[in-house]
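Enquirer: got a predicted structure plus its sequence, pasted below:
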Amino acid sequence: MHEPRSRHAALRTRQRRRRRNAALGAAAVVVAAAATAYLTSGRGGTPADDAAPARVKASTLVEPSTTASARHREPAGTVTLAFAGDVHFTQRTAGRLGVDPALGPLSPVLSAADFSMVNLESAITTRGTPEPKLYHFRTPPRALDALRRSGVDAVTMANNHAVDYGPQGLSDTLAAAQDSPIPVVGIGADDTEAYRPYVTEVNGVRLAVLAASQVQDLTNDRFRAGPGRPGIASALDRPRLVSAVRAARARADVIVVYLHWGTEGQSCPGSEQRSIAAELSAAGATAVVGTHAHVMLGSGMLGPTYVAYGFGNFLWYGSSPYPHSDETGVTTLTVTHGAVTAAAFAPALVDGHGVPVPQTGAAAELITTRHEQLRQCTGLTPAPR
C-alpha cells in the first residue's frame, strides 16, 4: 500500500479502514449466528420453496451494466470483491438446491461484498452423454438462482467439468447461461463470447471480469471455444487471454481474471501458473485468482496485482484425497482507485455434508496461519490489510 502523503490522507485511510472493519465485523456477527444455526439444525438454512425472498444485489447480463448497491459505506472509487472456490451440486451437495442459502453460513460474507464470485465446477444440464473421463458433474439450471440467493454475483465455468456431458450438455449449459440470473463467464457459443468480460459499474468503479482454464485435459482439448465453435475460454491460448485483458483494461478501472489452474493436490504454484500470472499482471490485471487443485494455495501481491493461486474446494461433493483439502474460506479484497488496499480472509472448513462452515477461535487461527504460510513458495509479497 502507498504511504499517505499528508495527515489528511492518513486520516482518510484510517476512516476507510474503520468503515471496512465495521462492515466485516457486522458480517462476522451474522456468520457466527448462521453457523450456530447450522450446527444446531444441521441444515444451514431454510427450505428454498418456503424461504422469504433473499435480498439480491442488482446486476444485469447486458454489457456494459451498472450494479446498484445499498451497502456502500466507502467513498466513491472503492469497491469490495469477494471470492471463493469450487462449487457444485451433486451427491452429498445435491440437496443444497432445496436449502436457502445453498452455500450455507458463509453466504453473508459473499453478500457483504459489492461483487462476489465462485467457480461452478459442473455442466448445467440433465441430458447428454458422459465424456470418457473418471468424474462427471452436472446440475440443473436452478443452481444459478440458488447461487444468486447465496449472495453470488457471477460464476466462471471455464473449468475441466463444464462439458462433462458432451455437446448436448454444452448446448444446455449455454442456454442456461443465456437465461441466467447472474453472469456466467469463461464459456460461450464461440471464442468471442467465451473470452468476453462481464463489465459492470459499482460505486463509480468500472469492473471487468474474465475467466479461462489452464488445465490441460480433455475439456481444453475437445471443447475449447473457437470461431464458430462453442466451448470454454482457454488460458492455454495465452496470447488470446492476454489480449482480452489488455482490451478490458482500456475500458475498465479494475480487471479480475479468474483461472482454473494448477495441479491437483499441490499446494505450491507451478511454473506455468507463475508465468501466466506475471503476464496478466503486466497486461493490467488488478487481481488474478483461481482454483482447481482441491487444496488452498498461497496468495499475495505480484507488483500491483493481487494473486491467489488457489481457493480450494467450497461447496463440495466429497473429500479430496489430499491433506487439508477441507480447509477453505472467502477472500475479500478492497480496491481503491484501481489499487488493492486490503485483503481479508474468512476461514472455513468443509463439513461432512460438503458445506463450508466458518471457523472461530483456535480452529480459525490454525487455518488462517496455514493459509498465510502457503505464500512462502509463491514469490508473492504480503497483501495490505
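Expert: On my side now, so go ahead. Numbering: from 1, shown residues only.
Enquirer: can you tell me the SS state at the closest residue to residue 383 other than its chain neighbours?
Expert: Spatially, and ignoring its direct neighbours in sequence, residue 383 is nearest to residue 343 (3.8 Å; Cβ to Cβ, 6 or more residues apart in numbering). Yep, even glycine has a C-beta here, placed from its N, CA and C like the rest. Here residue 343 is recorded as strand under DSSP: H, G, I helix; E, B strand; the rest coil.
Enquirer: residue 343 reaches residue 299, doesn't it?
Expert: Yes - counting by Cβ atoms under 8 Å, residue 343 does reach residue 299; the two are 7.3 Å apart.
Enquirer: those two: which has the busier surroundings?
Expert: residue 299 (26 against 21; other Cβ atoms under 10 Å).
Enquirer: check contacts around the more buried one.
Expert: For residue 299, the contacting residues are 289, 306-309, 331, 343, 371, 374-375, 378, 380, 383, by Cβ atoms under 8 Å, 6 or more residues apart in numbering.
Enquirer: is it true that residue 330 lies in a strand?
Expert: Yes - judged by three-state DSSP, residue 330 forms part of a strand.
Enquirer: count of neighbours near it?
Expert: 30.
Enquirer: could you check how far it is from residue 115?
Expert: From residue 330 over to residue 115 the distance is 13 Å, taken as Cβ to Cβ, to the nearest Å.
Enquirer: residues shared between the contacts of the two?
Expert: residue 82.
Enquirer: show me what the residue nearest to residue 383 bridges to in the sheet.
Expert: residue 333 (DSSP bridges).
Enquirer: circling back: overlap of the contact sets of residue 343 and residue 299?
Expert: 306, 331, 383.
Enquirer: let me see the contact set for residue 230.
Expert: Here residue 230 is in contact with 170, 171, 174, 187, 188, 189, 190, 223 (Cβ under 8 Å, 6+ apart).
Enquirer: mind picking the two most distant members of those residues?
Expert: Using Cβ to Cβ, the contacts of residue 230 span at most 13.3 Å, a distance reached by 171 and 190.
Enquirer: residues of stretch 250-257 that come out buried?
Expert: Neighbour counts over stretch 250-257 (16 or more other Cβ atoms under 10 Å) mark 252, 253, 254, 255, 256, 257 as buried.
Enquirer: so the first one sits against residue 202, correct?
Expert: No - under the contact definition of Cβ under 8 Å, residue 252 does not touch residue 202, with a separation of 11.1 Å.
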